[in-house]
Each structure stands twice: as C-alpha cells, then as structure tokens.
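**Q** Structure, please.
(one chain, ligands or ions: 1)
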Amino acid sequence: MPALRSTVADVDLDAIAHNMHAVATHGEQVIAVVKADAYGHGYEAVGRTLVDEGAAMLAVFTVDEGALLRRSGIEAPILILGGITEPAETEIVTRLGLTVTVWDLDRARLLSSAAGTTARVHVKVDTGLMRLGAPLEAAVERIQRIRALPNLAVDGVFTHFATADEENDSFTVEQVRRFESVLAALDERPAFVHAAASAGAVAVDTRSVCNAVRPGLALYGLHAAPHLATIDLRPALEWRSRVHRVAWARAGAGVSYGHEYRLARDGRIATVPVGYGDGLPRAAGRHARVLVRGRALPIAGRVAMDLIMLDVTDVPDVREGDEVVLIGEQDGARRSAEDLAEACGTINYEVVTNIRPRVARRYHRGGRVVATRTLADGIRWL
Ligand SMILES: *Cc1c(COP(=O)(O)O)cnc(C)c1O
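**A** Below is the predicted model of the structure:
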C-alpha cells in the first residue's frame, strides 16, 4: 500500500453499496449522482462501486467530470446534469458517449449536427425550481422538437424538486403533478423518467410517474433532513488525522494566528495537520469539536490552511501520533458530518464535499483496504 500522510478520509464502500440498495427500494432504477468528487468521497472508487451494485447510470454536473469517469474506466451511461456550457464541449460528449441534459433547441441542434452517431440526451423540465430546464408551458413542444432532430435520441425526461427536504410536501406534490401533465402529453415515454433526488425519494413516492430516482447524498449515508431519516443509511466517510506535535505552554500564551485563544493556566497544546486547505472550514474554529482519546475537544484559536491546535491540558496522556477524529468514531464517542456542519453554520452536503483532494482517501471493502487515492498517485487499486 502506498505511504499515506496522517490526514486521511476512510471511505467504506460496503456502506456505499448498502445505501445504494436502500435507495433502490424507492425507484425501479437508480441514477447515482457522483458530482463534486462524489460529494468528497472520490469519483473513481465510488463510481465503480455504484455501477457494480447496479446503478443504471451515473450523473455528474460537468462534461469534465464525465470525462474523468470515462478515463477511470467506467463504461456505464453517464448523465451530464449541467448540460453543455460551451460549444466546444459538444465534441467531448459525442466522442466519450456522455448523455447530456438539454432544454433548449439551440444546444440540441448543436449536438445534433456535431454527432456522427446518435447522441443521447435527457430533456429537463423546470416544474418550479427556477433553475434549469424548459419552462413548463413550453416543455411538451420542446421535447417533441428535440425528438425530431437527426442523430439525437431523447433517452430521458426529468425535473428537480425545490422543497423536497421540507416537512410540508405540498409543493413537491404539485411539482410531481406538473411533471405528470407534461408526460401525459407525450406520445412516447423515454427510457428514463426521473424527478426525485435523495430527499424527494424518501418524502414522496414518485413511482406512479417515474421509473428512476436520482440520489446523491443518500448514497453517502447522509440524510437530507432529520425528519427524512426514515431510510436505513450508513455514513460512508470517516475523517481522521494524528497529533503532529505536543508542546508545553504557559498560562496566558496565545495560540494560532491572532492569538484569539489564550491558555487559562499552564498546559499543553497539540497541533494537528489539517486545515482549511484540506477542507476543514475556517468557521470550525469557533464551535467545532474533534475527538482525541475519546474526548470531544474544541479547536483552540483559528483554523489555519494546514493546521489546527487543540488545548489538551485536561487530557494528560495525549502524545504525538495519537489519532484525532473529525468525522467518525473513537472509543465509543462519535462526531458526525452533521455535528461539524452545525458548528460551521452549514449543511452535511457542504462539509463532506469540501474535503479536498489533498486529503488521502483510503477505500475499504469487506474489512480490507482495496484502494487508495493520493494527489501524486491518483487512484490505486490494491
Ligand atoms: C445534486 C443533484 C442531485 C442529487 O441531490 P441529493 O440531494 O444529493 O440527492 C439530483 N439531481 C440534480 C439535478 C442535482 O443537481
């Protein structure tokens, strides 16, 4: 196994597989969302696992992300949720056989004329998020006109919910109704009809209208909202480091940039090699706690780009090399992505997605390390 530095994200591919099967009970097919480095978990290993576990498609936001998955050897269908943002991208999607989201005729025509063979598209309909997609009133005609273009196959029609994570599901139900009205006006149903992401899949049953769900967050074992924790998911990621230095300090000594934290009495400061350059939000310096020797300690002073400090005066056994847990378990204590998110004033999505490529990834399957990913070596299957 390649040598890894001490700041590592351990990703449990068994948990990813378990979560994949848990969400699969909410739709006939799963379009597994692995954008933004699989929410920080890592494109290559997560993408491969989800395809092996039966995902019908993978989905990412950009063409470049799709190209990365192809380069890592994934041959399954890949949906580009963001569509084509520059005309030059059409060449890449046709060459790599990526399925593209379209909603307008201009870009559909561009694809149609660039494609030597058939280009696959999913047409997006805006049923109320006001973000991407054909406006509801224009959607049926738009789908029909795109369908009529040569070298283009409309393989899917989809929409995205605006408020699926809220306790009141009335607008989600309305969006399903609007989407259904579009589908009812089509003379032919495409292979993929999808609406629900993680929250929607749990909150409403879309199976009467759709034949696929399009989850991201749930695959990683995280819930979109506490009231949606009715599905059995296992968090897949743990984030750890080790104490890099322990130093004695006098009462009154200031710690980290700006000396915002000062020791109340003579004591000890532990330094840990993780910072905002690894994706630990700078906001974590105020309220976040990390585990050392099974105790949840606050970060002392500001989070720097590469390092944080902990006041370990009251944990006398702490020494260099001790494990530090940012997300995960230690001696029966637990810190979740939600704990860290709350301390930083953000959501679990952002906390895991923030974890940068500089943090080594270690992938586990059946109790064994099966792959690693580092900046220098990329993904390595063992
Ligand atoms: C990110 C995204 C998803 C996945 O959302 P989750 O809330 O993570 O399940 C699904 N569909 C679209 C269009 C997205 O942008």
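**Q** Quick check: phi and psi on residue 3?
**A** According to degrees, to the nearest 10, the main-chain angles of residue 3 amount to phi -70, psi 130.
**Q** burial measure for the residue of the stretch 1-150 of the chain found nearest the ligand, as a count.
**A** Per C-beta to the nearest ligand atom, residue 33 is where the stretch 1-150 of the chain lies closest to the ligand, at 4.1 Å. To be clear about C-beta, it is placed using only N, CA and C from the backbone, and glycine gets the same treatment. Look at residue 33: counted by other C-beta atoms under 10 Å, it has 26 neighbours.
**Q** And residue 340, by the same measure?
**A** Residues near residue 340, counting by other C-beta under 10 Å: 25.
**Q** Also residue 349?
**A** Neighbour tally, residue 349, other C-beta under 10 Å: 19.
**Q** Around the ligand, which positions in the stretch 251-382 of the chain sit nearby?
**A** Contact residues, the stretch 251-382 of the chain versus the ligand (C-beta under 6 Å from any ligand atom): none.
**Q** quick one, strands of the stretch 51-200 of the chain?
**A** For the stretch 51-200 of the chain, the strands defined by DSSP state E, counting those that start in this stretch occupy 57-60, 78-80, 99-102, 119-126, 134-135, 152-158, 192-194.
**Q** Which positions within the lowest-mean-pLDDT helix or strand in the chain qualify as buried?
**A** Taking mean pLDDT, DSSP states H and E as the measure, helix 284-287 is the helix or strand of the chain with the lowest mean score, a mean of 90. Using 16 or more other C-beta atoms under 10 Å as the test for burial, helix 284-287 gives 284-285.
**Q** Can I get that helix as PDB, trimmed to CA atoms?
**A** This file holds the C-alpha atoms of helix 284-287, laid out as PDB (Å, rounded to 0.1, in the frame of the first residue of the first chain):
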ATOM      1  CA  ALA A 284     -14.900  25.400  12.600                       C
ATOM      2  CA  GLY A 285     -12.500  27.400  14.800                       C
ATOM      3  CA  ARG A 286     -15.500  28.700  16.800                       C
ATOM      4  CA  HIS A 287     -17.600  25.800  17.800                       C
END
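**Q** Strand partners (parallel or antiparallel) of the helix or strand hosting residue 241?
**A** Remark: residue 241 resides in strand 237-242, with elements defined by DSSP states H and E. Within its sheet, strand 237-242 is paired with strand 8-12 (antiparallel), strand 323-330 (antiparallel), according to DSSP bridges.
**Q** Including mean neighbour count and distance to residue 29, could the strands of the stretch 51-200 of the chain go into TSV?
**A** Formatted as TSV, these follow (neighbours: other C-beta atoms under 10 Å; distance: least, C-beta to C-beta, whole Å):
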stretch	mean neighbour count	distance to residue 29
strand 57-60	26	8
strand 78-80	27	12
strand 99-102	24	14
strand 119-126	24	13
strand 134-135	18	23
strand 152-158	22	10
strand 192-194	26	7
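**Q** does residue 24 really touch residue 30, like I thought?
**A** Yes - with contact defined as C-beta atoms under 8 Å, residue 24 reaches residue 30; the gap is 5.2 Å.
**Q** residues in contact with the strand holding residue 241?
**A** Strand 237-242 is contacted from outside by 6-12, 40-41, 220-221, 272-274, 320-329, 337, 352, 355, 359, using C-beta atoms under 8 Å, 6 or more residues apart in numbering.
**Q** Ok, stretch 127-145 next?
**A** Applying C-beta under 8 Å, 6+ apart, the set of residues contacting stretch 127-145 is 82-83, 101, 103-105, 108, 123-126, 154, 157, 159-162, 171, 174-175, 178-179, 182, 185-186.
**Q** what's the straight distance from one end of that stretch to the other?
**A** 19 Å (C-alpha to C-alpha, to the nearest Å).
**Q** With stretch 257-265 instead?
**A** For stretch 257-265, the first-to-last residue distance is 20 Å (C-alpha to C-alpha).
**Q** Give the buried residues for that stretch.
**A** By 16+ other C-beta under 10 Å, the buried positions in stretch 257-265 come out as 261, 263.
**Q** Share the number of residues neighbouring residue 221, please.
**A** Other residues near residue 221 come to 22 when the count uses other C-beta under 10 Å.
**Q** no no, residue 56
**A** The local packing of residue 56 (other C-beta under 10 Å) involves 20 other residues.
**Q** Excluding chain neighbours, what is closest to it?
**A** Nearest residue to residue 56, sequence neighbours excluded (C-beta to C-beta, 6 or more residues apart in numbering): residue 29, at 4.0 Å.
**Q** Who does that neighbour form a beta bridge with?
**A** Under DSSP bridges, the beta-bridge partners of residue 29 are residue 212.
**Q** circling back: the residue of the stretch 1-150 of the chain closest to the ligand and residue 280: what is the separation?
**A** In this view, residue 33 and residue 280 are 24 Å apart by C-beta to C-beta, to the nearest Å.
**Q** can you list the residues of the stretch 51-200 of the chain near the ligand?
**A** Within the stretch 51-200 of the chain, the positions adjacent to the ligand are 81, 160, 197-199 by C-beta under 6 Å from any ligand atom.
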